[in-house]
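**Q** need a structure here:
(2 chains)
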Protein chains: 2
Amino acid sequence: MLRRIGVFDSGIGGLTVLRRLREAFPVLDMIYLGDLARVPYGGRSVETITRYAVDDAAFLLRRDVDAVVAACGTVSSNSLDALRERFDVPIYGVIDSAARRAAATKTGAVGVIGTQATVKSGAYERRIHAADPSVRVISRACPLIVPLVENGVGPGDILAETVCGRYLADFREAGIDRLIMGCTHYPLYRTAFERLLPDAEMIDVGEALAADLREIFGEGAGEGRTEFFVTERSAAFDELVRNIDPLVDPESIRVAQIED
Amino acid sequence: MLRRIGVFDSGIGGLTVLRRLREAFPVLDMIYLGDLARVPYGGRSVETITRYAVDDAAFLLRRDVDAVVAACGTVSSNSLDALRERFDVPIYGVIDSAARRAAATKTGAVGVIGTQATVKSGAYERRIHAADPSVRVISRACPLIVPLVENGVGPGDILAETVCGRYLADFREAGIDRLIMGCTHYPLYRTAFERLLPDAEMIDVGEALAADLREIFGEGAGEGRTEFFVTERSAAFDELVRNIDPLVDPESIRVAQIED
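**A** Below is the predicted model:
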């Protein structure tokens, strides 16, 4: 029986996954860790990403979680096997559930957008092809979206529209019917993607994962509390936490030292 | 007599300072360290920035440099005193020379652009006011410029023009006659700034520092060689090195382990 889930990300993007998990599991206790002192992980070496992810998961396990979610595309695509070898609780990433949804494509062509490290790893492509080798997967790194989101540029801003328009141009030609938003920041730009690709279903990796976990574990038991830890304080984190749950008191966000 | 200068930055921006130093000191030997494994420093705590800067300077000193240049606005504005307390060679940042040039304003109003950490530190403002307390200093953090530069968006691109137009709007009203490009990436957008502020003199922090060092030390002695070290390999670094000096062989860039 699940009581406490630990969720970590390099920064604030994982809060979009936490929001979906909260919606699916209102009674569970959750602990979120944002490693703001070492963000961003995308662009670092696999060795470095794995070292950071081990620190993050170990921190959550010291707080007695029953399962760990790596709410970070970069960790999920590079370091999940290493985490599973090292720790005894179930560990989930954001790739598998989204990939299975994508593999159910009707046009036979799907799109994947993510950070450079995620796209370079080919993780979504491999998982989609594991489900159906005939699916055509078009992947595209979109490195400018995260800085835009983190600097408060909304999805309706001309900057967001221009950047997304360039990144998604190839997808329009290719006739994809599903787009995996393969970075946890991207759900915040969902409306921009939908305007550019009105015929494609947007796959939110947190939503896909939360639905799968609900099927595996049922509703669980707990008191429905959420604790927030960061490795360094940031105003952007406080603000995004407040957007996701207006009842959260930013004063309750604690700074944690997680490195050995 | 100077023979070898060590230059470090959190990433690739410091290469614009190195270029100005090479122009001013063609016979000196130079060692450049880019801490790509831990970039960006801007946005981190002062304690973290100082710890990283100490690692960087110590690495260069183990290679027998006669002077160290922190070619990084974030380090220069937060950690220079800590470095000077700890190490015996002359240590320079990118603030002082640029601030003195700005203080010579004729309209009495100057602008400063930089990362969030640099602007928040108030370092340029303090140094300008140390030279002339009556100068009006208008500072603005421009956090989107670095990601644009690092993703190959040129200064003539509509994205660059839109972003710079928003950041510099206040400066146009204020009648500034000098703008400190207070982040080492910004010289790459100099033409965009010049279009928006045609009456202002652009102050390149590397150019200002190189001119001052030339006055202090003369031309020095050495073999005019440059060595490049990074803490993690990146294609963007290789490309920018090649742009700065087409004769540099990217194969000569070495990966260094600098943490204790």
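**Q** could you use CA atoms for every contact and neighbour count after this?
**A** OK.
**Q** for chain A, what spans make up the helices?
**A** Taking DSSP state H as the test, the helices found in chain A are A:15-24, A:46-61, A:73-78, A:80-86, A:96-103, A:116-121, A:123-131, A:145-150, A:158-174, A:190-196, A:205-217, A:235-244.
**Q** chain B contacts on the stretch 101-250 of chain A?
**A** Taking C-alpha under 8 Å from any C-alpha of the partner chain as the measure of proximity, the stretch 101-250 of chain A contacts chain B at A:143-144, A:147-148, A:151, A:159, A:162-163, A:232.
**Q** apply 7 Å and report the result again.
**A** A:144, A:147, A:159 (C-alpha under 7 Å from any C-alpha of the partner chain).
**Q** give the contact list for the closest residue to chain B within the stretch 151-260 of chain A.
**A** Of all residues in the stretch 151-260 of chain A, residue A:159 sits closest to chain B, at 6.5 Å by C-alpha to the nearest C-alpha. Residues counted as contacts of residue A:159 (C-alpha atoms under 7 Å, 6 or more residues apart in numbering or on different chains) are residue B:159.
**Q** my guess is residue A:83 meets residue A:55, correct?
**A** No: using C-alpha atoms under 7 Å, residue A:83 is not in contact with residue A:55, being 10.1 Å away.
**Q** sorry, back to before: lowest pLDDT pick from the residues of the stretch 101-250 of chain A next to chain B?
**A** Taken together, these show their lowest pLDDT at residue A:147, with 90.
**Q** ok, it to residue A:22 distance?
**A** Distance, residue A:147 to residue A:22, using C-alpha to C-alpha, to the nearest Å: 26 Å.
**Q** over to residue A:64?
**A** Distance from residue A:64 to residue A:22, by C-alpha to C-alpha: 18 Å.
**Q** and if you look at residue A:67?
**A** The spacing between residue A:67 and residue A:22, counted by C-alpha to C-alpha, is 14 Å.
**Q** neighbour count for residue A:64 and residue A:22, which is higher?
**A** residue A:22 (18 against 13; other C-alpha atoms under 10 Å in any protein chain shown).
**Q** who are the contact partners of the more buried one?
**A** Listed by C-alpha under 7 Å, 6+ apart, residue A:22 has no contact partners.
**Q** next: the one 10 residues further on.
**A** Residues in contact with residue A:32 (C-alpha under 7 Å, 6+ apart) are A:6-8, A:227-229.
**Q** domain ranges for chain A, per the record?
**A** Listed domain ranges for chain A are A:4-93+A:208-255, A:96-205 (source: automatic domain parsing).
**Q** find the nearest non-adjacent residue to residue A:189, please.
**A** Leaving aside its sequence neighbours, residue A:189 sits nearest to residue A:155 (C-alpha to C-alpha, 6 or more residues apart in numbering or on different chains; 5.0 Å).
**Q** and what of residue A:233?
**A** The shortest distance from residue A:233 to any non-neighbouring residue, by C-alpha to C-alpha, 6+ apart, is to residue A:255 (6.6 Å).
**Q** the one you found and residue A:227 touch, don't they?
**A** No: contact criterion C-alpha under 7 Å: residue A:255 and residue A:227 do not qualify, at 11.3 Å.
**Q** can you read off the backbone torsions of the spatially most central residue of chain A?
**A** Nearest to the mean C-alpha position of chain A, by C-alpha atoms, centre = their mean, lies residue A:184 at 3.5 Å. Note on residue A:184: its backbone torsions stand at phi -70, psi -10 [degrees, to the nearest 10].
**Q** which residues does it contact?
**A** A:13-14, A:16-17, A:72-73.
**Q** recalculate using a threshold of 8 Å.
**A** Residues in contact with residue A:184 (C-alpha atoms under 8 Å, 6 or more residues apart in numbering or on different chains) are A:13-17, A:71-73, A:205-206.
**Q** next: residue A:83.
**A** Contacts for residue A:83 (C-alpha under 8 Å, 6+ apart) come out as A:50, A:53-54, A:57, A:91.
**Q** how far away is it from chain B?
**A** The gap separating residue A:83 from chain B is 21 Å, by C-alpha to the nearest C-alpha, to the nearest Å.
**Q** helix A:15-24 and the helix or strand of chain A at the bottom of the mean pLDDT ranking, what's the angle between them?
**A** The helix or strand of chain A with the poorest confidence is helix A:235-244; it has a mean of 75 (mean pLDDT, DSSP states H and E). Taking axes from the mean of the first three to the mean of the last three C-alpha atoms, to 10 degrees, one finds helix A:235-244 and helix A:15-24 inclined to each other by 20 degrees.
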